[in-house]
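1. Need coordinates for the following:
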Amino acid sequence: MNTNTPRVFIAATRQNDGKTTTSLGLLAALQRHHPRVGYIKPVGQRYVEVAEHKIDEDTVLMDSVYKLNCPLVDMSPIAIEPEFTRRYLESANSDALVTRLQQAFDRVSWEKDFVLCEGSGHAGVGSVFDISNARAAKILGAKVVIVTRGGIGKPIDEVALNQALFEKEGVEIAGVIVNKVIPEKIEFIRDFARRGLERRGLRLLGVLPNTPILTQPNIAAVRDELKAELLNRPGRMNNLVNDVVVGAMAVHNALPFFRKGVLLITPGDREDLILAAATAMLKETGQTLSGIVLTGGLKPNSTVLKVINELPYPVLLAREDSYQVASCVHDLTVKTRPDDLDKINVIRDLIAQHVDVDALLKAIR
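-> Sure, this is the predicted structure:
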């Protein structure tokens, strides 16, 4: 396997700590030092079908944003299908997975100046089929950056747990990035997190402020999660949802809640609310809601559908009731999508401003 091309493995203390966000921003930062950067996600748990191959969603995102000129199937060599773990435990073949990973890395790193490897959760994820994140980093010969969530005590405790497993595999940790920190506490966290990490022999590479836009889903994500029907074709599927309002009150009580960025959730037979939402904001400010979700599988009458068809924002029809829809939107895990251009620009700026990339590259060398 290629051992010459510089590489780094991005891990996290748990899911949704900001590993993909960090990887997305680091790719841009690394390209300033190494124009030809490759990417690989050894083990993918959320995948899509691309040309009959199962490709991890994050791999699709990275390739869409950066046009990496690497085969998708090699950037996502192991996709965990629903029966993958059971089949592996019935007839384990660790050597075959290791070989697949090594060969994929060779193809991804071909004619590249640097390769960013993205893990899939904490150090132990994947242990059930003998390719934990710690072992994947060992196989790839990569030093690790651990991303953890804002704070002091709990994040450092979790970093210590992950450190133990990486060190057991003989993997060196290049540094730690603390993510999702309340902006007013940045300096405080930077000071004390650095002290706590240094006591464990670890380097603090950066502290990233919590940025609300990165946790806001867009309408396309809401539609996909609900498997909802789109009732009009206005575009604007990347409208961000800043707030959610459940329309279960009289129209005159609902009007104050109709603001820019609001997602209105209401039964499909509440035609009074639908018509009020269709006209109120446009008439007064020229601004619009983020979108509307009609619930209960109830389609409005043909007159209201004509109004919906002319609206400048998306209107979705979901089968579930309003409570279920609101709960689903609230619990939605927000993943950056290729068309989230505003978010992607914010992520690049966050990494450029708050992560010491020079220190990272020095640690890797």
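
2. separation between Leu311 and Leu26?
-> Going from Leu311 to Leu26 by CB to CB, to the nearest Å gives 39 Å. Bear in mind the C-beta positions are built from the backbone N, C-alpha and C, glycine included.

3. Looking at these two, which is more packed in?
-> Ranked by neighbour count (other CB atoms under 10 Å), Leu311 and Leu26 place Leu26 first, with 24 against 21.

4. mind checking the end-to-end distance for stretch 139-151?
-> Distance between the two ends of stretch 139-151: 31 Å, counting by CA to CA, to the nearest Å.

5. can you pull the buried residues of the lowest-mean-pLDDT helix or strand in the chain?
-> The least trusted helix or strand in the chain, going by mean pLDDT, DSSP states H and E, turns out to be helix 271-284, with a mean of 80. Buried residues in helix 271-284, counted by 16 or more other CB atoms under 10 Å: 271, 273-278, 280-281.

6. helices or strands up against it?
-> When contacts are defined as 3 or more CB pairs under 8 Å, 6 or more residues apart in numbering; DSSP states H and E, helix 271-284 packs onto helix 251-254, strand 262-267, strand 291-295, helix 302-309.

7. Quick one: distance of it to the chain centre.
-> Computed by CA atoms, centre = their mean, to the nearest Å, the separation of helix 271-284 from the middle of its chain amounts to 34 Å.

8. So what touches it?
-> Applying CB atoms under 8 Å, 6 or more residues apart in numbering, the external contacts of helix 271-284 come out as 247, 251, 254-255, 258-260, 264, 266, 287-289, 292, 294, 300-301, 304, 307-308, 311-312.

9. let's see 6 Å
-> By CB atoms under 6 Å, 6 or more residues apart in numbering, the surrounding residues in contact with helix 271-284 are 247, 251, 254-255, 258, 264, 266, 287-288, 300, 304, 307, 311.

10. got it, and stretch 341-360?
-> 21, 24-26, 28-29, 205-206, 208, 213-214, 336.

11. what does stretch 321-338 give?
-> Contacts for stretch 321-338 (CB under 6 Å, 6+ apart): 61, 64, 215, 217, 222, 225, 244, 246, 265, 293, 295-296, 318, 343.

12. hmm, 7 Å instead?
-> 16, 20-21, 24, 57, 61, 64-65, 215-217, 220-222, 225-226, 244, 246, 248, 263, 265-267, 293, 295-296, 318, 343-344 (CB atoms under 7 Å, 6 or more residues apart in numbering).

13. Kindly export the least confident helix or strand of the chain (C-alpha atoms) in CSV.
-> Taking Å, rounded to 0.1, in the frame of the first residue of the first chain, the C-alpha atoms of helix 271-284 are listed here in CSV:
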residue,chain,number,x,y,z
GLU,A,271,-57.7,25.7,4.3
ASP,A,272,-58.2,28.9,6.2
LEU,A,273,-54.6,28.8,7.6
ILE,A,274,-53.2,27.8,4.3
LEU,A,275,-54.8,30.8,2.5
ALA,A,276,-53.8,33.1,5.3
ALA,A,277,-50.2,32.0,5.1
ALA,A,278,-50.2,32.3,1.4
THR,A,279,-51.1,36.0,1.5
ALA,A,280,-50.0,37.5,4.8
MET,A,281,-46.3,37.9,4.4
LEU,A,282,-46.2,38.7,0.8
LYS,A,283,-48.7,41.4,1.3
GLU,A,284,-47.0,43.1,4.2
